[in-house]
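Student: coords please:
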Amino acid sequence: METLSKGQRLPLANLVPDGVLQVGVAAQGLALDVACFGLDANGKLADERYMTFFNQPRTPCGGVEARAGSGGDMAEFALQLARLPAGIDRLVVTAAIDGGGVMSQLQAGHVRLQAGARELARFAFAGSDFAQEKAVMLAEIYRKDGGWRCMAVGQGFNGGLDALVRHFGGEVDQAASAAPTAVSAVMQAKINLEKRVEREAPQLVSLVKQAGVSLQKVGLLDHRAKVCLCLDISGSMGRLYKEGLVQRFAERILALGCKFDDDGEIDVFLFGKNVHHPAPMALSNCNTYVGQAIQRHPLEGDTRYGAAMQAIRAFYFPDGAGGERTRPVAAELPVYVMFVTDGGTSDQATTEKQLRWASHEPIFWQFMGIGKGRKSKSKFLAAFADSDFPFLEKLDELQGRLVDNANYFSVSSPDEHSDAELYDLLMTEYPGWLKLARGKGLLG
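Tutor: So this is what the prediction gives:
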């Protein structure tokens, strides 16, 4: 292992010929947010998607992936340098203070390069290296003469994250009270949400990461949308609520919402004979959300899809009050509705009308039926070979809509699929609907 001093450079060609390595960061005495910026030859952020951190854990090319730290490190970046496009000239690993304090209060820290179990190099730093800075550029991995090198940097920034963003090409709008531009604001919002997830709902950390992986597969890692969870509260759902299966499923949808939006919450509707609209499920209340919602709104007789759909439409598009819609209405953000039920509906005609009218609005309906169904040899494909919900199957193929605005699958239990399988399943038809919706003028 080589010990690096500030400014020292280290060729990587002989150490990691395949360009596969890990960069770990450790710090004591301060809570730090760690990020990796992918920059072009001019030292500018090449693409917002090349800022890698917890809430955006993977670059589009897969060349950089943020992971939980190991071996005493608080965070780690797994690098596959050969995957980086030619436009990415360097990777810069940074840290910014989470909360109050300055870098001089740091007790000790290090950046280390590792290939598998073998540590290649380490750059140590401490509070004595800094003064009133709130952020620091720790190390660079950059192209030089056809190969890659690493440099120990240790450069502080008094302005924290905003100073880093400016340094990497993000500008500050002085005419707007020095507020960050859209790029900086989006980054700040994502980092704020990352911290909130870790602090308020740590059980969602792995779920949010897995949702991001699935969204990356379909090119929606930076996509923004509102997320709504619509839950059946008919009496037959009692066991699923009692055993905590609905609570755990709701947490998985909240994690998806954390990738689609930065407010850390999703809207929730409950339906049986009546429709209820409780407060949103948020990071701050998610641990006991479903149980408390059912306590306030006990299970009911009857099941009415159409009434629930009308209430959801009226909430997001009050101008139509959930009524007949024959002309397209546009919005900046689409709405993704996760609609969960374990039985048929008593208002089929109303439901069909609602789905047809909703096809003129930027709302996508993902129906999930909970029942036995016919089993396929493939656990994943079994979701598409069901017979317990003929009406949901009919909705999936309903004629007379402006666009196909719904998808359906069934499960034997809400926890039937792994997290990876579920998030992949939830993205089966949504990306295609987005293209159709844009083509029909439903999305601005």
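Student: and the residue nearest the centre of the chain, which of the three is it?
Tutor: For the chain, the residue whose C-alpha lies nearest the mean C-alpha position (Cα atoms, centre = their mean) is residue 259; its distance is 2.1 Å. Each residue gets one of three states, and residue 259 gets helix by DSSP: H, G, I helix; E, B strand; the rest coil.
Student: these two touch, right, it and residue 212?
Tutor: Yes: between residue 259 and residue 212 there is a contact at 5.5 Å, judged by Cβ atoms under 8 Å. Where C-beta positions appear, they are placed from N, C-alpha and C, glycine not excepted.
Student: Identify the residue spatially nearest to the residue nearest to the centre of the chain, adjacent ones excluded.
Tutor: In this structure, residue 259 finds its nearest non-sequential neighbour in residue 211, 4.7 Å apart by Cβ to Cβ, 6 or more residues apart in numbering.
Student: The one you found falls within a helix, correct?
Tutor: Yes: counting by three-state DSSP, one finds residue 211 located in a helix.
Student: Which parts of the stretch 201-350 of the chain are strands?
Tutor: 226-232, 265-271, 275-276, 281-282, 335-341 (DSSP state E, counting those that start in this stretch).
Student: where among these is the average confidence lowest?
Tutor: If the strands of the stretch 201-350 of the chain are sorted by mean pLDDT, strand 281-282 sits at the bottom with a mean of 92.
Student: Residues in contact with that one: which ones?
Tutor: With Cβ atoms under 8 Å, 6 or more residues apart in numbering as the contact definition, strand 281-282 has outside contacts at 229, 250, 254, 264, 265, 266, 268, 289.
Student: One more: stretch 294-307?
Tutor: Outside of stretch 294-307, the residues within contact range by Cβ under 8 Å, 6+ apart are 232-235, 237-238, 241, 270-276, 278, 339, 341, 343-354.
Student: buried stuff in it?
Tutor: Buried residues in stretch 294-307, defined by neighbour count with 16 or more other Cβ atoms under 10 Å: 294, 297, 300, 303, 304, 305, 306, 307.
Student: now do stretch 7-20
Tutor: Taking 16+ other Cβ under 10 Å as the basis for neighbour counts, the residues of stretch 7-20 that come out buried are 10, 12, 15, 16, 19.
Student: Can I get that stretch in CSV? Just the C-alpha atoms.
Tutor: Output in CSV follows, covering the C-alpha atoms of stretch 7-20 (Å, rounded to 0.1, in the frame of the first residue of the first chain):
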residue,chain,number,x,y,z
GLY,A,7,-0.9,16.8,-4.4
GLN,A,8,0.8,13.4,-5.0
ARG,A,9,-0.2,11.5,-8.1
LEU,A,10,-0.4,7.8,-8.6
PRO,A,11,-0.6,6.0,-12.0
LEU,A,12,-3.2,3.2,-12.0
ALA,A,13,-2.4,1.3,-15.1
ASN,A,14,-0.1,-1.2,-13.4
LEU,A,15,-2.1,-1.4,-10.2
VAL,A,16,-5.5,-2.1,-11.8
PRO,A,17,-5.1,-2.9,-15.5
ASP,A,18,-8.8,-3.6,-15.9
GLY,A,19,-9.8,-0.3,-14.3
VAL,A,20,-11.9,-1.9,-11.6
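Student: What ranges does the protein have for its helices?
Tutor: Using DSSP state H, the helices found in the chain span residues 161-167, 182-200, 205-217, 238-242, 245-260, 289-296, 305-316, 348-358, 390-396, 419-426, 430-439.
Student: Let me have these in JSON lines, adding distance to residue 334 and mean pLDDT as columns.
Tutor: Putting the helices of the chain into JSON lines (distance: least, Cβ to Cβ, whole Å; pLDDT from 0 to 100) gives the following:
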{"stretch": "helix 161-167", "distance to residue 334": "28", "mean pLDDT": "72"}
{"stretch": "helix 182-200", "distance to residue 334": "18", "mean pLDDT": "63"}
{"stretch": "helix 205-217", "distance to residue 334": "14", "mean pLDDT": "91"}
{"stretch": "helix 238-242", "distance to residue 334": "28", "mean pLDDT": "96"}
{"stretch": "helix 245-260", "distance to residue 334": "9", "mean pLDDT": "96"}
{"stretch": "helix 289-296", "distance to residue 334": "24", "mean pLDDT": "96"}
{"stretch": "helix 305-316", "distance to residue 334": "10", "mean pLDDT": "96"}
{"stretch": "helix 348-358", "distance to residue 334": "12", "mean pLDDT": "97"}
{"stretch": "helix 390-396", "distance to residue 334": "19", "mean pLDDT": "92"}
{"stretch": "helix 419-426", "distance to residue 334": "14", "mean pLDDT": "96"}
{"stretch": "helix 430-439", "distance to residue 334": "7", "mean pLDDT": "95"}
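Student: Of those helices, which is nearest residue 27?
Tutor: Closest approach to residue 27 among these is made by helix 182-200 (15.1 Å; Cβ to Cβ).
Student: Without its sequence neighbours, what residue ends up closest to residue 163?
Tutor: Across the structure, with Cβ to Cβ, 6+ apart as the measure, the residue nearest residue 163 apart from its sequence neighbours is residue 157 (3.8 Å).
Student: what's the burial count for the one you found?
Tutor: Here the count is done by other Cβ atoms under 10 Å, and residue 157 has 21 residues near it.
Student: Please list all residues in contact with it.
Tutor: With Cβ under 8 Å, 6+ apart as the criterion, the residues that contact residue 157 are 133, 134, 135, 136, 137, 163, 164, 167.
Student: Count the neighbours of the fourth one for me.
Tutor: Right, the one you point to is residue 136. The criterion is other Cβ under 10 Å. On that basis, residue 136 has 25 neighbouring residues.
Student: and what of the fifth one?
Tutor: Neighbourhood size, residue 137 [other Cβ under 10 Å]: 18.
Student: same thing with the one 10 residues further on?
Tutor: Neighbour count for residue 147, taken as other Cβ under 10 Å: 14.
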